[in-house]
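Asks: sequence and predicted structure below; questions after.
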Amino acid sequence: MRNFIDIKDSNEQKLVEILNTRNDVKAERIKRFLDLLDLTKKENSPIKIIADRILSLPRFADFDIVSIPKIVTVENEFDALNSPKDHPTRKETDTFFLDNTHHLRTQMTVMWPFYLRDKNVLNRLEKDGQIMALAPGLVYRKDEIDRKHFPAFHQIDGLLICKKSKKIITLDDLKEVETEMTKAIFGDDIEYRFLVDSFPFTDPSVQIEIKFNNDWMEVVGSGLVHSQVLVNLGINPDEYNGWAFGFGIERLAMVKFGIPDIRIFWSTDPRITSQFKDINSKYKEVSKFPETSRDISFVIDKNINLNNYYEIVRDFAENLIEEVKLVDEFENEAKFGAGKKSYTFRIVYRSPERTLTNEEINIIQEKIREKTIQELKAILR
């Protein structure tokens, strides 16, 4: 029998209250992301269609559906899950930090510490010898700007832990699960293969890829639960074992439904949302609206991570920017000074819903220019 488990963290509400008293740039960005709707719960969303397809598989009928806080700790997401100390996601260039110890979750795998420390779950594990969970939801990462990337996206993670006396889990068990999920989304005739992979929280690890347009595309990453992670979470790896998987929904939905631009998932235009009825729906462009581009050149400290610039652009562009291209970069110590570098970006404006006017683009572009100077201490060229 399926249980719906909503795990709260009393500290999250306090952190949100503190966040709401702030008006600095970082806080405003985080508040904007926290306000985003979880599309796994939105009707006529391709994200929900994919999520429902997985959650409704008979194999998962008795799996708990787990909800966890959006704000998590470094200990829960990185330390407990065996993440290396130098992993990029531990840095502010990749992750949205509220303070030194709290950040917006970057992966639904952070469900594990919440789930495996829940007293009722642990009681069932001891009594039944097995627990099983699925966790769909939004995650957040700083990223470049183009048709395939958005700083908030959706994942589904799965986890099974059982006593070794009940079953010794093998990669073959996991491959069977992955194959079934892949066929549920892409059909029984899809060509697929397994490759060795590597994750800090599973060992050994594998991924399944599908053949699409003559190219191989990763679908699901997975593996056997790492013994050190079990130790970190207070579970004896000599007595228990398990498997886990995780995948991003957007990249699969873009392939399955023929969606060319990730911003389309966030559209509320009924001409777009009405197109998605079931797993066999295909997207048709409402209209091919023209693009308009603007270039911006500036000199900054060459140690500044460019993700910081992408965040500045997102602050003012809403969903009106299709792509930000780095078209030129060079150093000239005599001209710019030591440790400085010149960059030229081309910002491509295009809405999937309407034609943009030069006036509104110019207003946005000027705000981006002003903020580039303020935040990056840039010299515009």
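Replies: Looks like it came in fine. As the structure is a computational prediction, the values presented were derived from the model and not from experiment. Numbers count the residues shown, from 1 in each chain.
Asks: and the lowest-mean-pLDDT helix or strand in the chain, what does it pack onto?
Replies: Least confident helix or strand of the chain, by mean pLDDT, DSSP states H and E, is helix 307-317 with a mean of 88. Under the contact criterion of 3 or more CB pairs under 8 Å, 6 or more residues apart in numbering; DSSP states H and E, helix 307-317 touches helix 25-34, strand 321-330, strand 340-349, helix 358-376. C-beta here means a position set from N, CA and C on the backbone, and glycine is covered the same way.
Asks: show residues contacting stretch 35-48.
Replies: With CB atoms under 8 Å, 6 or more residues apart in numbering as the test, stretch 35-48 has contacts from 51, 136-138, 152, 154, 156, 249-250, 253, 256-257, 259, 265-266, 273-274, 276-277, 281, 283.
Asks: sorry, back to before: show me what counts as buried in the least confident helix or strand of the chain.
Replies: 307, 309-317 (16 or more other CB atoms under 10 Å).
Asks: ok, now which ones touch the nearest residue to K8 once chain neighbours are set aside?
Replies: Once flanking residues are discounted, K8 sits nearest to P69: 6.9 Å by CB to CB, 6 or more residues apart in numbering. By CB under 8 Å, 6+ apart, P69 lies in contact with 7-9, 12, 105, 114.
Asks: repeat that for K164.
Replies: K164 is in contact with 238-241, counting by CB under 8 Å, 6+ apart.
Asks: in strands, which of the residues you listed fall?
Replies: Using DSSP state E, the subset of the contacts of K164 located in strands is 240-241.
Asks: buried subset of the contacts of K164?
Replies: With neighbours counted by 16+ other CB under 10 Å, the contacts of K164 contain buried members at 240-241.
Asks: L98 contacts I71, doesn't it?
Replies: Yes: when contacts are counted by CB atoms under 8 Å, L98 is listed as touching I71 (6.6 Å).
Asks: in this structure, which spans are strands?
Replies: Per DSSP E, the chain carries strands over the ranges 4-6, 64-67, 71-73, 102-104, 130-140, 152-163, 192-199, 202-212, 215-225, 240-248, 292-301, 321-330, 340-349, 379-380.
Asks: including mean pLDDT and distance to P84, could those go into JSON lines?
Replies: Output for the strands of the chain, formatted as JSON lines (pLDDT from 0 to 100; distance: least, CB to CB, whole Å):
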{"stretch": "strand 4-6", "mean pLDDT": "97", "distance to P84": "30"}
{"stretch": "strand 64-67", "mean pLDDT": "98", "distance to P84": "26"}
{"stretch": "strand 71-73", "mean pLDDT": "98", "distance to P84": "17"}
{"stretch": "strand 102-104", "mean pLDDT": "97", "distance to P84": "17"}
{"stretch": "strand 130-140", "mean pLDDT": "98", "distance to P84": "19"}
{"stretch": "strand 152-163", "mean pLDDT": "98", "distance to P84": "20"}
{"stretch": "strand 192-199", "mean pLDDT": "94", "distance to P84": "11"}
{"stretch": "strand 202-212", "mean pLDDT": "94", "distance to P84": "14"}
{"stretch": "strand 215-225", "mean pLDDT": "94", "distance to P84": "16"}
{"stretch": "strand 240-248", "mean pLDDT": "97", "distance to P84": "18"}
{"stretch": "strand 292-301", "mean pLDDT": "95", "distance to P84": "27"}
{"stretch": "strand 321-330", "mean pLDDT": "94", "distance to P84": "28"}
{"stretch": "strand 340-349", "mean pLDDT": "95", "distance to P84": "28"}
{"stretch": "strand 379-380", "mean pLDDT": "94", "distance to P84": "36"}
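Asks: and S267, how many neighbours does it have?
Replies: The tally of other residues near S267 (other CB atoms under 10 Å) stands at 17.
Asks: dihedrals phi and psi, it?
Replies: Note on S267: its backbone torsions stand at phi -70, psi 140 [degrees, to the nearest 10].
Asks: next one, pLDDT for it please.
Replies: Note for S267: predicted pLDDT of 93.
Asks: what does the one 5 residues further on give?
Replies: pLDDT, I272: 94.
Asks: how does the chain divide into domains?
Replies: The chain resolves into domains spanning 4-257, 292-380 when parsed by automatic domain parsing.
Asks: need the pLDDT of the closest residue to I68 other than its chain neighbours.
Replies: Spatial nearest neighbour of I68, chain neighbours left out: F114 (4.6 Å); criterion: CB to CB, 6+ apart. F114 carries a pLDDT score of 97 in this model.
Asks: F114 contacts S67, correct?
Replies: No: with contact defined as CB under 8 Å, F114 does not reach S67; the gap is 9.2 Å.
Asks: overlap in contacts of the two?
Replies: Common neighbours of F114 and S67 (criterion: CB under 8 Å, 6+ apart): I7.
Asks: farthest residue from the center of this protein?
Replies: For the chain, the largest distance from the centre (CA atoms, centre = their mean) belongs to A334, which lies 41.8 Å off.
Asks: tell me the contacts of that one?
Replies: Applying CB under 8 Å, 6+ apart to A334 gives no contacts.
Asks: next one: it from I379, what distance?
Replies: Going from A334 to I379 by CB to CB, to the nearest Å gives 15 Å.
Asks: so what pairs up with G248 in the strands?
Replies: Taking DSSP bridges as the rule, G248 bridges to Q155.
Asks: so it versus L34, what's the distance?
Replies: As for G248, its distance to L34 is 20 Å (criterion: CB to CB).
Asks: likewise R22?
Replies: Remark: distance between R22 and L34 (CB to CB) = 13 Å.
Asks: and what of D173?
Replies: D173 is 37 Å from L34, by CB to CB.
Asks: which one of these two has more residues nearby?
Replies: Ranked by neighbour count (other CB under 10 Å), D173 and L34 place L34 first, with 17 against 14.
Asks: just checking, that one touches Q13?
Replies: No: with contact defined as CB under 8 Å, L34 does not reach Q13; the gap is 11.8 Å.
Asks: tell me which residues in stretch 339-356 are buried?
Replies: Neighbour-count burial for stretch 339-356 flags 341-343, 345, 347-353, 356 (criterion: 16+ other CB under 10 Å).
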